[in-house]
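Engineer: this one's structure only:
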Ligand SMILES: *Cc1c(COP(=O)(O)O)cnc(C)c1O
């Protein structure tokens, strides 16, 4: 569900015409819908009504500060994976007691910054990290609340690059190692193990893998209780999928029911780290057709957005629906929608049937609100696109378009 809809055959973001946004802000342009973000957060968070829980938006999915502020106003916490993300969420005014910090490679200064802000907890992914946090906390004479990230070895049945809870993945610790790590953590003077964490993957389209993970975690929790540990939090991570094409993921309410059902006897505060399900379908990328080119084997539509702006198709072979901003009659055509970058892998869609596109047409690339702008780069010295947030008929420039000078700003010493 989202609020990008056609009115008189013209695409709108809520009450604002996309064509008008493009007139003002040019292309490529990321457009987010505030109403959609609120709706998705609400749908997700309310699915856990009735149990103690904290929904922490996964900042890496969309870290625009306007988006973070909007979610914070709805009561969202934040799941961060770097010092840079900590900096962002603090600037967005998030209560540090609603911040959890995940990631396999936290640096010493990042740990110090997080302790200084007194975040809710670290999700710890290795023994050495545990010892490092204990050391840094010791130097600061504070206590670090931690969960250990366990890798329950369940197959999330998603793309291999976004599976994270399999034995062979770099994330977390297997159950055996995790148990000994909790035992290691117990006597550490500056560590308080308060929770169990896991995140098994992204774009999951059924609840079963989550429930499988939960079954293993519950058994593991029992072992920790037997050791005399006081575990208060269970972090189930993120990963609930969305519809890009034909996928039919469970509604958050169904996900919530299943999880609540599985946890009902346990007195734990549940933490959730949704990213994609909140932001994915709350954003589109609008691009302009530069040229069309027919070759003997293919029809190319060359647009002004490229893999540096939206990497997912190149990185994962991901599907993003593409449709004209101005609906038109006429024939459908199989095309590759490609960008200007000098890489064969630079495409937004391959072999896609869309209405025949002409020079200067505007195309909307849907489901671009998560892992879109946050994965962008300046490859080929392309300034990054602007981001706007639409709220009914109000338009907020959430990030201005980069200009050439932005490309060189950090190399000033060389000229
Ligand atoms: C990426 C990530 C998430 C969010 O995943 P989604 O699939 O976007 O919900 C949550 N937790 C951790 C630890 C992650 O790495």
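Structural biologist: Happy to help now that I have it. Since the structure is predicted, the reported quantities are computational estimates derived from the model, not experimental observations. Numbering: from 1, shown residues only.
Engineer: Spatially nearest residue to the residue nearest the centre of the chain (excluding sequence neighbours)?
Structural biologist: Centroid-nearest residue in the chain, with Cα atoms, centre = their mean: residue 61, separated by 2.1 Å. With Cβ to Cβ, 6 or more residues apart in numbering as the criterion, residue 61 has its nearest non-adjacent residue at 3.1 Å, and that residue is residue 275. (Each C-beta comes from the backbone N, C-alpha and C, glycine too.)
Engineer: what about that neighbour, how many residues close to it?
Structural biologist: 24 (other Cβ atoms under 10 Å).
Engineer: Could you measure from residue 335 over to residue 54?
Structural biologist: 45 Å (Cβ to Cβ, to the nearest Å).
Engineer: In contact with residue 57: list those residues for me.
Structural biologist: 41, 68, 71, 76, 77, 78, 79, 273, 274, 275, 278, 279 (Cβ atoms under 8 Å, 6 or more residues apart in numbering).
Engineer: So what does it look like in phi/psi?
Structural biologist: Here is the backbone geometry of residue 57 (degrees, to the nearest 10): phi -60, psi 140.
Engineer: Please tell me the pLDDT value assigned to it.
Structural biologist: In this prediction, residue 57 carries a pLDDT score of 98.
Engineer: Could you work out the most separated pair of the contacts of residue 57?
Structural biologist: 77 and 279 (15.1 Å; Cβ to Cβ).
Engineer: Contact partners for residue 164?
Structural biologist: Applying Cβ under 8 Å, 6+ apart to residue 164 gives the contacts 151, 156, 171, 172, 199, 200, 201, 202.
Engineer: Show residues contacting the helix or strand harbouring residue 45.
Structural biologist: Using DSSP states H and E, residue 45 maps to helix 34-46. If you take Cβ under 8 Å, 6+ apart as the criterion, helix 34-46 is touched by 1-4, 14, 53, 55, 57, 67, 70-71, 74-76, 240, 251-253, 256, 272, 274, 277-279, 281-282, 369, 389-392.
Engineer: Mark which of the residues you listed are buried, thanks.
Structural biologist: 2-4, 14, 53, 55, 57, 67, 70-71, 76, 240, 252, 256, 272, 274, 277-279, 281-282, 369, 389-391 (16 or more other Cβ atoms under 10 Å).
Engineer: what about the strands in the stretch 151-300 of the chain?
Structural biologist: Using DSSP state E, counting those that start in this stretch, the strands of the stretch 151-300 of the chain run over 191-197, 233-235, 269-272, 283-294, 299-303.
Engineer: meant to ask about the stretch 1-150 of the chain
Structural biologist: Under DSSP E, counting those that start in this stretch, the stretch 1-150 of the chain gives strands at 4-7, 10-13, 16-17, 29-33, 53-58, 77-80, 99-101, 121-124, 144-149.
Engineer: Of all those strands, which one comes closest to residue 340?
Structural biologist: With Cβ to Cβ as the criterion, residue 340 lies closest to strand 29-33 of those, at 15.9 Å.
Engineer: Centre of the chain to that closest one, how far?
Structural biologist: 15 Å (Cα atoms, centre = their mean, to the nearest Å).
Engineer: next one: stretch 403-414 to chain centre, how far?
Structural biologist: Counting by Cα atoms, centre = their mean, stretch 403-414 is centred 29 Å from the centre of its parent chain.
Engineer: likewise stretch 208-217?
Structural biologist: Distance, stretch centre to chain centre, for stretch 208-217: 22 Å (Cα atoms, centre = their mean).
Engineer: residues contacting the closest residue to residue 85 other than its chain neighbours?
Structural biologist: Ranked by Cβ to Cβ, 6+ apart and with sequence neighbours excluded, the top spatial neighbour of residue 85 is residue 59, at 4.6 Å. Residue 59 makes contacts with 68, 78, 79, 80, 81, 85, 88, 89, 275, as judged by Cβ under 8 Å, 6+ apart.
Engineer: mind checking the backbone torsions on residue 59?
Structural biologist: According to degrees, to the nearest 10, residue 59 has phi -60, psi -30.
Engineer: could you measure it against the ligand, distance?
Structural biologist: 9 Å (Cβ to the nearest ligand atom, to the nearest Å).
Engineer: is it possible to export the contacts of residue 57 to TSV including distance to residue 117 and pLDDT?
Structural biologist: Shown next, in TSV, are these (distance: Cβ to Cβ, whole Å; pLDDT from 0 to 100):
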residue	distance to residue 117	pLDDT
41	23	98
68	15	98
71	18	98
76	17	98
77	13	98
78	12	98
79	15	98
273	18	98
274	22	98
275	21	98
278	23	98
279	24	98
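Engineer: near the ligand too, which of those residues?
Structural biologist: 79, 273, 274, 275 (Cβ under 6 Å from any ligand atom).
Engineer: and the helix ranked longest in the chain with the ligand, contact?
Structural biologist: For the chain, the longest helix by residue count, based on DSSP state H, is helix 208-226. No. Using Cβ under 6 Å from any ligand atom, helix 208-226 stays clear of the ligand, with a minimum separation of 11.5 Å.
Engineer: For the stretch 1-150 of the chain, which residues are neighbours of the ligand?
Structural biologist: Checking the stretch 1-150 of the chain against the ligand by Cβ under 6 Å from any ligand atom, the hits are 58, 60, 61, 79, 102.
Engineer: list the contacts for the first one?
Structural biologist: Neighbouring residues of residue 58 by Cβ under 8 Å, 6+ apart: 79, 238, 273, 274, 275, 276.
Engineer: residues touching the fourth one, list them.
Structural biologist: For residue 274, the contact set (Cβ under 8 Å, 6+ apart) comprises 44, 55, 57, 58, 238, 239, 240.
Engineer: at 6 Å what do you get?
Structural biologist: 44, 238, 240 (Cβ atoms under 6 Å, 6 or more residues apart in numbering).
Engineer: Next: the second one.
Structural biologist: By Cβ under 6 Å, 6+ apart, the contact list for residue 238 reads 58, 273, 274, 275.
Engineer: And the nearest residue to it once chain neighbours are set aside, how close does it get to residue 214?
Structural biologist: Computed as Cβ to Cβ, 6+ apart, the closest residue to residue 238 that is not its neighbour in sequence is residue 273, at 4.0 Å. As judged by Cβ to Cβ, residue 273 and residue 214 stand 15 Å apart.
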